[in-house]
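In: Quick one, what's the 3D model for this:
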Amino acid sequence: MNVDDTSVLLIYTGGTIGMIENAETGALENFNLEQLQKYIPELQNFGFRIDTYQFDPPMDSSDMDPDAWQKLVRIISDHYEAYSGFVILHGTDTMSYTASALSFMLENLGKPVILTGSQLPIGVLRTDGKENLLTSIEIATARHLSGRPMVPEVCIFFENHLMRGNRTTKMNAENFNAFRSFNYPVLASAGIHIKYNNGQIHAYQGKSKLKPHYLLDTHIAILKLFPGIQEEVVASVLATEGLKAVVLETYGSGNAPRKEWFLRRLKEACDKGIVIVNVTQCRAGMVEMSRYETGYRLMKVGVVSGYDSTTESAVTKLMFLLGHNYSPDEVRQWMTQPLAGEITV
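Out: Sure thing, here's the model as predicted:
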């Protein structure tokens, strides 16, 4: 593909980056993407085609759900051959969930899908949205000398850092540096030049066609442990009607109380076919269930390790696997293997 063939599809789902302030009321309102060039005239300097697709109505990221993920996958799949890359403008609150979900739903992805957004609206003087958008577009069209895309995977670009999407967590509601990839190196850093960390980027071989997936099952719960958690609380979560999987947020390297009732409740759930995945509450580090007796006991009752998975990635991966009707044992097996570079085993 030569320079003349370069093109980007910009998909606006909603979020702060696409809002302007109403001069009369002061309230933030969604604006039409056609106004982008008014606020970011630099877009014309790219010299290639930038098309837009807008969710109607735009979605606040707090309302983001599997239906929206399926819509995004369909948009990308339908337009896959027509564009060099895709940039998704998205609210920050659930961006890591969306990026994680798309990484599983877009099997054999060979082109960049870059999610970005902002902490301040695009029309505000100090907005971070302009740089985030412009650099995301540049990354979405970047190629090796051979013509291969530089970053053929689902990523988040925010505040000078390109990160693997399913490794990210939103960790700051105030600063421009809102996202962090604690357990995996950044894929690129943007300064005067964009420096790519090629050794960490997924190497697409170009042998398989994109395979979009649309099946997701949301019968999942998150159970976060805390000192003094009551048996009734644990029992209530595990007895949820239709429950198929639980992301268990434990302490440290995967530790949990050794109370008889706690282990018994988990074992009963595992024996019923509920998949329980152990992830750490810590921002950085991984679950090592054989390291301490408390973690080892979880393993003995049937809990599986989530290794260094984020909660966002574990939740969406479970939705993906359950949606494809794998048996509980198959889901447990897949949860301990990387599908899209989401865990380090």
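In: lowest-confidence helix or strand of this protein?
Out: In the chain, the helix or strand scored least confidently by mean pLDDT, DSSP states H and E is strand 28-30, which has a mean of 64.
In: Isn't Ile50 up against Thr6?
Out: No. Between Ile50 and Thr6 there is no contact under Cβ atoms under 8 Å: 9.7 Å. C-beta: built from backbone N, CA, C; applies to glycine.
In: wait, is Leu9 part of a helix?
Out: No. The assignment for Leu9 (DSSP: H, G, I helix; E, B strand; the rest coil) gives strand, which keeps it out of a helix.
In: so it bridges to which residues?
Out: Residues in a beta bridge with Leu9, per DSSP bridges, are Asp51, Phe86.
In: and it, what is it in contact with?
Out: Leu9 makes contact with 51-53, 75-76, 79, 82-83, 85-87, according to Cβ atoms under 8 Å, 6 or more residues apart in numbering.
In: Give me the buried entries from the residues you listed.
Out: Among the contacts of Leu9, the ones that count as buried by 16 or more other Cβ atoms under 10 Å are 53, 75-76, 83, 85-87.
In: got these as a markdown table, with pLDDT and distance to Gly15 columns?
Out: Below are those laid out as a markdown table (pLDDT from 0 to 100; distance: Cβ to Cβ, whole Å):
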| residue | pLDDT | distance to Gly15 |
| --- | --- | --- |
| Tyr53 | 92 | 15 |
| Ile75 | 98 | 16 |
| Ile76 | 98 | 18 |
| Tyr83 | 96 | 21 |
| Gly85 | 97 | 20 |
| Phe86 | 98 | 16 |
| Val87 | 97 | 13 |
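In: quick one: the helices in the stretch 1-150 of the chain?
Out: Along the stretch 1-150 of the chain, counting by DSSP state H, counting those that start in this stretch, helices occupy 36-39, 66-78, 95-105, 129-141.
In: Just name whatever secondary elements the last one is in contact with.
Out: With contacts defined as 3 or more Cβ pairs under 8 Å, 6 or more residues apart in numbering; DSSP states H and E, the packing partners of helix 129-141 are strand 7-12, strand 85-89, strand 113-116, strand 154-158, strand 194-196.
In: any idea which of those strands is most buried?
Out: Highest mean neighbour count of the helices and strands packed on helix 129-141: strand 154-158, a mean of 30 (counted as mean count of other Cβ atoms under 10 Å).
In: That one: what's the following helix or strand?
Out: Using DSSP states H and E, the helix or strand that follows strand 154-158 in sequence is strand 161-164.
In: what sits up against that next one?
Out: 103, 114, 139, 151, 153-157, 177, 179-181, 184, 186-190, 200, 202, 341-342.
In: make it 7 Å
Out: With contacts defined as Cβ atoms under 7 Å, 6 or more residues apart in numbering, strand 161-164 is touched by 139, 151, 153, 155-156, 179, 181, 184, 186-189, 341.
In: Leu263: which of those is nearest?
Out: Nearest to Leu263, judged by Cβ to Cβ, of the contacts of strand 161-164 is Tyr184 at 31.8 Å.
In: Hmm, Asn166 and the closest one touching each other?
Out: No. Tyr184 is beyond contact range of Asn166, at 9.1 Å (criterion: Cβ atoms under 7 Å).
In: and Ile17, what pLDDT?
Out: What the model reports as pLDDT for Ile17 is 75.
In: quick one: it and Ser96, what's the gap?
Out: Distance, Ile17 to Ser96, using Cβ to Cβ, to the nearest Å: 16 Å.
In: Neighbour count: these two, which is higher?
Out: Ser96 (28 against 24; other Cβ atoms under 10 Å).
In: ok now whichever strand or helix holds Leu248, how far from the chain's centre?
Out: Following DSSP H and E, one finds Leu248 within strand 245-250. Distance of strand 245-250 from the chain centroid (Cα atoms, centre = their mean, to the nearest Å) equals 18 Å.
In: Phe262 looks like it's in a strand, true?
Out: No. Phe262 is assigned helix when assessed by three-state DSSP, not a strand.
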